[in-house]
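K.L.:
what's the 3D shape of this:
(chains A and B)
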Amino acid sequence: MSEQSYSGVYFLLSVIILYAIIGIFKTESLLPSLMFSFLIFKNVIPVLVLIFALMSAVNYYVSPESISKHIGKSSGYKKWVFAILGGIISTGPIYMWYPILKELKKQGVGYGFIATFIYNRAIKLPLLPIMLLYFSVKFIAVLTMVMIIASLIIGFIFEKIEDKL
Amino acid sequence: MDRKLKESIAKATKALGNSLPVLTGIVLLIGLINTIIPKTIYSTLFSNNVLLDPIIGSGLGSILTGNPITSYVLGGEILLQGVSLIAVTAFIVSWVTVGFIQLPAEATLLGKKFAIARNILSFIFSIIVAIATVFIINII
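P.N.:
Reported below is the predicted structural model:
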């Protein structure tokens, strides 16, 4: 188990301890709290199953090597397109990508492309079902478009300040 | 079942499995907060101010970390409690784009100046993205 997942378990244990303390001093709050949480779980769990299937499919068809190969070889506007698409379809924790991005930097890829790639990792297609549980399609579509534009602006800013970094 | 498929499923299981304790904890915490903390706390923290709300949302999203699933559930639930969409948008955007926890790793591998500048820019842009998104939604 990774360090990050241990911190998740500690967090869960802290919440359980908090429940126990509140259960002693404010017993009447315990059942409504658990009921409210149960209702959220009831909505979220079926969506998690769908997310699991989507994540497995993305992992199957997309590998870090194939993304970095495309970014490394592309140029001009294509490079930006790959930075956006690569960021969107890439999976796994971000720290797993730092060594790959470092390697791309050595190959001559600029900070602008790296910044655009990292920003687009915020757009998670396999997580769309959970977003749809709470937000409208219009909101998700507009947010995605605005984030892609923001990623390009950030990329251009980094391209301009590349020499100072 | 071929090896690649097995690996893909294992990777997805690990990613979701790692996020489950935090997600469970957050959902239990939401239940507790919903019951014992008065709803007025949200109106105290978020005043429906177009500038202040996204700044607070981005601040919270930058400090907290974890799988984006958690941010969507948490953001969606506080939206249901009456927190403005602009604050929730800033919150979920900064959660995934600003990474103060990963900053040391990012600085070591990609350069200190780059990592700091990228996180500061991402913080500022989470506010801009939230304002722009809600503005566009309101006019279309």
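
K.L.:
Looking at chain B, what residue ends up closest to chain A?
P.N.:
Of all residues in chain B, the one sitting closest to chain A is B:Gly76 (2.6 Å; CB to the nearest CB). C-beta: built from backbone N, CA, C; applies to glycine.

K.L.:
how many other residues sit next to that residue?
P.N.:
20 (other CB atoms under 10 Å in any protein chain shown).

K.L.:
For it, give me its contacts.
P.N.:
B:Gly76 is in contact with A:Leu133, A:Tyr134, A:Phe135, B:Val88, counting by CB atoms under 8 Å, 6 or more residues apart in numbering or on different chains.

K.L.:
Look at it and report its pLDDT.
P.N.:
In the predicted model, B:Gly76 carries a pLDDT score of 90.

K.L.:
Please apply the same query to the one 10 residues further on.
P.N.:
pLDDT, B:Ile86: 94.

K.L.:
Setting the sequence-adjacent residues aside, check what's closest to it.
P.N.:
Distances taken as CB to CB, 6 or more residues apart in numbering or on different chains put B:Val134 closest to B:Ile86, at 4.6 Å, once the chain neighbours are dropped.

K.L.:
The one you found contacts B:Val88, doesn't it?
P.N.:
No: using CB atoms under 8 Å, B:Val134 is not in contact with B:Val88, being 9.5 Å away.

K.L.:
quick one, which of the two is more surrounded?
P.N.:
Higher neighbour count among B:Val134 and B:Val88: B:Val88, with 29 against 24, using other CB under 10 Å.

K.L.:
if I pick that one, what's in contact with it?
P.N.:
Listed by CB under 8 Å, 6+ apart, the contact partners of B:Val88 are B:Gly57, B:Gly75, B:Gly76, B:Ile78, B:Leu79.

K.L.:
switch the cut-off to 10 Å
P.N.:
By CB atoms under 10 Å, 6 or more residues apart in numbering or on different chains, B:Val88 lies in contact with A:134-135, A:139, B:46, B:53-54, B:57, B:61, B:71-72, B:74-80, B:130, B:134.
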